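In: sequence unknown, structure follows:
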């Protein structure tokens, strides 16, 4: 297995057991993370996001597969099952990840998933009917950013 593939595998194995510190250790200090909710997290904010998410997860189950990498870039597929805290509804999110590397660490991490599908699961009927609308999706992003800011203020 290529060392960068092993790095990705280590990242998701740590995620599966809720070890955010081990996840963050896989990241380069200048990491840039993005997904449909957290669209532009850099450095410590990216690590803090994982710490926040794993810290509040009660029933999170992570399964990863299809890990591949070379010297420059890598990929993985992962799925997350959990109860969305704000509504108590079950979520099964299907995510594809892309990575780039520097100095044996993850420099760029991009997760891709269907935000409308996620909104339908997490928010129920409202999300199914309105989750495709930019104001709804932007509201989700804003609330997530506020949650991360509050987490960082509390754990600074």
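Out: Received the coordinates, thanks. From a predicted model like this one, the values you see are computed outputs, not experimental measurements.

In: Partner strands of the lengthiest strand in the chain, with direction?
Out: Determined from DSSP state E, the single longest strand within the chain is strand 89-102. Neighbouring strands of strand 89-102 in its sheet, by DSSP bridges, are strand 73-84 (antiparallel), strand 105-112 (antiparallel).

In: So for it, mean pLDDT?
Out: Confidence for strand 89-102, expressed as mean pLDDT, is 97.

In: in that strand, what's buried?
Out: For strand 89-102, a neighbour-count test (16 or more other CB atoms under 10 Å) marks 91, 93, 95, 97, 99-101 as buried. Every C-beta, even on glycine, is put in place using the N, C-alpha and C of the backbone.

In: what does it rub up against?
Out: With contacts defined as CB atoms under 8 Å, 6 or more residues apart in numbering, strand 89-102 is touched by 4, 7-8, 28, 30, 35, 69, 71-84, 106-114, 118, 121-124.

In: ok so, going back, wait, which of the strands paired with strand 89-102 is closest to residue 146?
Out: Proximity to residue 146 (CB to CB) singles out strand 73-84 among these, at 16.4 Å.

In: Go through the protein and flag its longest helix.
Out: Criterion DSSP state H: the longest helix present in the chain is helix 134-154.

In: Mind listing residues that contact that one?
Out: So helix 134-154 is contacted by 36-39, 41, 45, 48-49, 51-52, 115-116, 119, 127, 130-131 (CB under 8 Å, 6+ apart).

In: Apply 10 Å and report the result again.
Out: Helix 134-154 is contacted from outside by 35-41, 44-46, 48-49, 51-53, 55-56, 86, 115-116, 118-119, 122-123, 126-127, 129-131, 133, using CB atoms under 10 Å, 6 or more residues apart in numbering.

In: swap in stretch 65-76?
Out: With CB under 10 Å, 6+ apart as the test, stretch 65-76 has contacts from 1-9, 11-12, 64, 77-79, 95-102, 106-109, 111.

In: Go through that stretch and flag the buried ones.
Out: 67, 69, 74, 76.
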